[in-house]
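# got a structure for you, letters missing:
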């Protein structure tokens, strides 16, 4: 079975989920007025949302390119290991029947 070159995680978790999460957290922070360090960071992120949004989208692009470049060598290495393991297993089976 051949695997697709993109990660299932990246397919299911895209930049829209990141944006929605940041918006939801900033709404909660606006209503509840919490004061912990986490909520201070949420305020900073929501104030500079354009910068963080661009960084999130940029990171998805970079990791998609990396996965496309690195998939083939990784797949060849895994296929080679599986092939060698199958050959070893077949040799063991042949010895046990002799």
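Yes, it's here. Given the structure is predicted, the values throughout are model-derived calculations rather than measurements.

# how about the helices in this structure?
Listed in chain order, the helices of the chain (DSSP state H) span 8-12, 15-32, 37-47, 49-97.

# could you dump those helices to JSON lines with mean neighbour count?
Where you see a C-beta, it was placed from the backbone N, CA and C, and this is true even at glycine. Shown next, in JSON lines, are these (neighbours: other CB atoms under 10 Å):
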{"stretch": "helix 8-12", "mean neighbour count": "9"}
{"stretch": "helix 15-32", "mean neighbour count": "13"}
{"stretch": "helix 37-47", "mean neighbour count": "13"}
{"stretch": "helix 49-97", "mean neighbour count": "11"}
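
# can you redo these as JSON lines with mean pLDDT?
Supplementary listing: the helices of the chain in JSON lines, determined by pLDDT from 0 to 100:
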{"stretch": "helix 8-12", "mean pLDDT": "50"}
{"stretch": "helix 15-32", "mean pLDDT": "81"}
{"stretch": "helix 37-47", "mean pLDDT": "87"}
{"stretch": "helix 49-97", "mean pLDDT": "86"}
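
# list the contacts for residue 49?
residue 22 (CB atoms under 8 Å, 6 or more residues apart in numbering).

# can you offset everything so residue one is 58?
Sure thing, new numbering starts at 58, so read that last one as residue 106.
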